[in-house]
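Chemist: fold the following for me, if possible:
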Amino acid sequence: MVAITIMLVDNHLLMLDGMKRILEDVADFKVTAAFQDGIAAIEHLKKHKMDIVLMNTQLPGQSGLETCRMITRKYSSTRVIMLTNDSNDFHLQQAIRAGAKGYLSKSIDSQELMEAIYSVYRKGAMMPLFAVPQTLRRATCSYTQEIEPFHALTPKEREILPLIVEGKTTNQVADFLCISPKTVRNHLSHIYKRLGTRDRLQTIIYMSQKIQTSVSLDV
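Modeler: Residues are numbered from 1 along each chain as shown. As a prediction, this is how the structure comes out:
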């Protein structure tokens, strides 16, 4: 396997050094650059292709979110994972709108960090567990037949959507529903098209916003 090239962007030297030591011990990873501000990171990307950028949301001068927007607009093959101390839905939504493919709390352990990088590299996106509570999954089951455009989903798509919201992988969904991974992927592409989303992350955020709005109107 070709090494996954990684850039680190964090204004705390201790954080940069810690992440670098962890990731350099993984044979599949190659940390090729580390910066303390977003402007330097953008300049580096002009000459060097990166697979993954691990970046703090809070940076001096140009923020991590603004840097993420610039990266996703100019370098579509580079996937950004945001690192933050603020594990809440509001900041998660900001990161997704900026184009981030992953959103991690700095309190995660090294194994979770490595799994997140693999997930974003191989699947295109990942979702933090703190952002997909069981209440959202249950609400998804309840509302998929009642709220437009959810009623346009097929019965099988209504089965798959809550499982995706729960955070299951394509293979896990396939095993749970006793269908092939290819069939799951086909259904997912239809779900994204019907909901107007691009990937799993956007779909979960969309579900959260849609359900919250509907609940507010019911109150």
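
Chemist: and after the lowest-mean-pLDDT helix or strand in the chain, which helix or strand comes next?
Modeler: Ranked by mean pLDDT, DSSP states H and E, the weakest helix or strand in the chain is helix 134-143, scoring a mean of 57. Counting by DSSP states H and E, the next helix or strand C-terminal to helix 134-143 is helix 155-166.

Chemist: list the buried residues for that next one?
Modeler: Residues of helix 155-166 classed as buried by neighbour count (16 or more other CB atoms under 10 Å): 156-166. Heads up, the C-betas are built off the backbone N, CA and C, glycines and all.

Chemist: a markdown table for the residues you listed, including pLDDT?
Modeler: Listed next are the buried residues of helix 155-166 as a markdown table, based on pLDDT from 0 to 100:
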| residue | pLDDT |
| --- | --- |
| Lys156 | 90 |
| Glu157 | 89 |
| Arg158 | 84 |
| Glu159 | 86 |
| Ile160 | 88 |
| Leu161 | 86 |
| Pro162 | 82 |
| Leu163 | 83 |
| Ile164 | 81 |
| Val165 | 77 |
| Glu166 | 73 |
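
Chemist: Thr183: what's its closest spatial neighbour, skipping adjacent residues?
Modeler: Nearest-residue entry for Thr183: Ala174, 7.2 Å, with adjacent residues in sequence omitted and distances by CB to CB, 6 or more residues apart in numbering.

Chemist: same thing with Ile81?
Modeler: Gly102 (3.7 Å).

Chemist: residues near that neighbour, how many?
Modeler: 24 (other CB atoms under 10 Å).

Chemist: list the buried ones in stretch 76-87?
Modeler: 78-84, 87.

Chemist: what's the angle from the helix or strand harbouring Asn171 to helix 155-166?
Modeler: In the assignment (DSSP H and E), Asn171 maps to helix 170-177. Per axes from the mean of the first three to the mean of the last three CA atoms, to 10 degrees, the angle that helix 170-177 makes with helix 155-166 is 130 degrees.

Chemist: output helix 170-177 as CSV - backbone C-alpha positions only.
Modeler: The C-alpha trace of helix 170-177 is given here as CSV (Å, rounded to 0.1, in the frame of the first residue of the first chain):
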residue,chain,number,x,y,z
THR,A,170,-21.2,-0.1,4.6
ASN,A,171,-20.2,-3.7,5.4
GLN,A,172,-21.9,-3.5,8.8
VAL,A,173,-25.1,-2.3,7.2
ALA,A,174,-24.9,-5.1,4.6
ASP,A,175,-24.4,-7.7,7.3
PHE,A,176,-27.2,-6.4,9.5
LEU,A,177,-29.7,-6.3,6.6
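
Chemist: helices and strands around that helix, which ones?
Modeler: Contacts defined by 3 or more CB pairs under 8 Å, 6 or more residues apart in numbering; DSSP states H and E place helix 170-177 against helix 155-166, helix 181-195.

Chemist: quick one: closest of these to Ser110.
Modeler: Among these, the nearest to Ser110 by CB to CB is helix 155-166 (24.7 Å).

Chemist: I'd guessed Ser110 sits against Ile22; true?
Modeler: Yes: here Ser110 lies in contact with Ile22, judged by CB atoms under 8 Å, at a distance of 4.7 Å.

Chemist: what's the distance between stretch 18-34 and the middle of its chain?
Modeler: Here stretch 18-34 is found 20 Å from its chain centre; the criterion is CA atoms, centre = their mean, to the nearest Å.
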